[in-house]
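Student: A structural model of the following input is requested.
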Amino acid sequence: MGLLEKIGLRKKEKVDKGTEKSRTGLLEKLGRAIAGKDTVDAAVLDELEEVLITSDVGVNTTVQIIDRIEARVARDKYTGSGELQRILREEIIALLREQSTDMPAAFDADFPSTPHVIMVVGVNGVGKTTTIGKLAHLYSAAGKKVMLGAADTFRAAAVDQLRIWSERAGVPLIEQGQNADPAAVAYDSVAAARSREADVAIVDTAGRLHNKKSLMDELAKIKRVMGKVVEGAPHEVLLVLDASTGQNAMQQARAFTDFVDITGLVLTKLDGTAKGGIVIGVSNELEVPVKYIGVGEQLEDLQIFDRELFVNSLFGEHEPG
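Tutor: Numbering: from 1, shown residues only. So this is what the prediction gives:
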């Protein structure tokens, strides 16, 4: 049995485990909000609004969800609180479906063109380099020819860390050491991927402080030079966010979208937080799809984001298989 098949078989188990803390907090709040209520009235909706906001779903997204539920209740003549969780799940899944990616998430999927260049951005400490290592491993396990680019030349040990991941994944790494010009490294990485006929090139970048304009401008430059080597590159820009930082992750995401066109989100460290609601809010408010979630330390704990599975896990509910 191959690695990807194993991942697929364990997906529900992994996501359930990874959302355990968030699920516990959310269900406790929901239980208190609707306990003893036999109708969904304004008071219940107010309680529900508070539950969602305190679960890091975000104010704007919470308002949208409440509006959807109000409309559902009016349309379906729904009166019982027993169905509230089901309707809530359905409306959140519908909201997440509005943000879809045109790029394949499956590691064995074909790319529209090769080398498919993925630029990975995010602030320090969110698990960016680790995510790149896991992506490289999973793409390689799926039979893709992978190349990594170490354009995080600012952080001490960043190149070394990525080298370890490249060796673990068995994929080549383009590097010029610490303090090298990150745009030059990115350029060389994409050029090497093209000349060596790689299927996918994944380029690391330095962890930007999202409130430092000069650093963010440099990120935009790195993105531009890659496009000079391969038309349309980078084909994806993945923003890695630490889910445990809640609404701070939302602020980081907004800052990054001002400088680069983010095409997908990676939410890491979900297993260590009760703030899993951020997955719903950040995707909806930025209109950027979540592509992967990190639910643990193991290689297979980087999961392709499945909207229905995630929401059902968050609410402790699954449709009969």
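Student: how about low-confidence regions in the stretch 1-150 of the chain?
Tutor: 1-10, 78-82, 101-102 (pLDDT under 70).
Student: where do the strands sit along it?
Tutor: Here the stretch 1-150 of the chain has its strands, by DSSP state E, counting those that start in this stretch, at 116-121, 146-151.
Student: what's the most buried one of these?
Tutor: Mean neighbour count (mean count of other CB atoms under 10 Å) peaks for strand 146-151 among the strands of the stretch 1-150 of the chain, with a mean of 28. The C-beta positions use only the backbone N, C-alpha and C, and glycine is treated the same way.
Student: ok, then the element right after that strand?
Tutor: Sequence order places helix 158-169 as the next helix or strand after strand 146-151, per DSSP states H and E.
Student: and that following helix, how far from the chain's centre?
Tutor: Centre-to-centre, helix 158-169 and its host chain are 21 Å apart (CA atoms, centre = their mean, to the nearest Å).
Student: now the angle from it to strand 146-151?
Tutor: For helix 158-169 against strand 146-151, the angle by axes from the mean of the first three to the mean of the last three CA atoms, to 10 degrees is 170 degrees.
Student: so residue 267 sits in a strand?
Tutor: Yes - using DSSP: H, G, I helix; E, B strand; the rest coil, the secondary structure at residue 267 is a strand.
Student: contacting residues for it?
Tutor: The contact partners of residue 267, taken as CB atoms under 8 Å, 6 or more residues apart in numbering, are 241, 243, 249, 278-279, 282, 290, 292-294.
Student: same thing with residue 143?
Tutor: residue 108.
Student: thought residue 256 was touching residue 121?
Tutor: Yes - with contact defined as CB atoms under 8 Å, residue 256 and residue 121 form a contacting pair (6.1 Å).
Student: give me the buried subset of the contacts of residue 267.
Tutor: Listed as buried from these are 241, 243, 249, 278-279, 282, 290, 292-294; burial here means 16 or more other CB atoms under 10 Å.
Student: quick revisit: could I get the strands of the stretch 1-150 of the chain in JSON lines, plus columns for distance to residue 160?
Tutor: Listed next are the strands of the stretch 1-150 of the chain as JSON lines, based on distance: least, CB to CB, whole Å:
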{"stretch": "strand 116-121", "distance to residue 160": "17"}
{"stretch": "strand 146-151", "distance to residue 160": "9"}
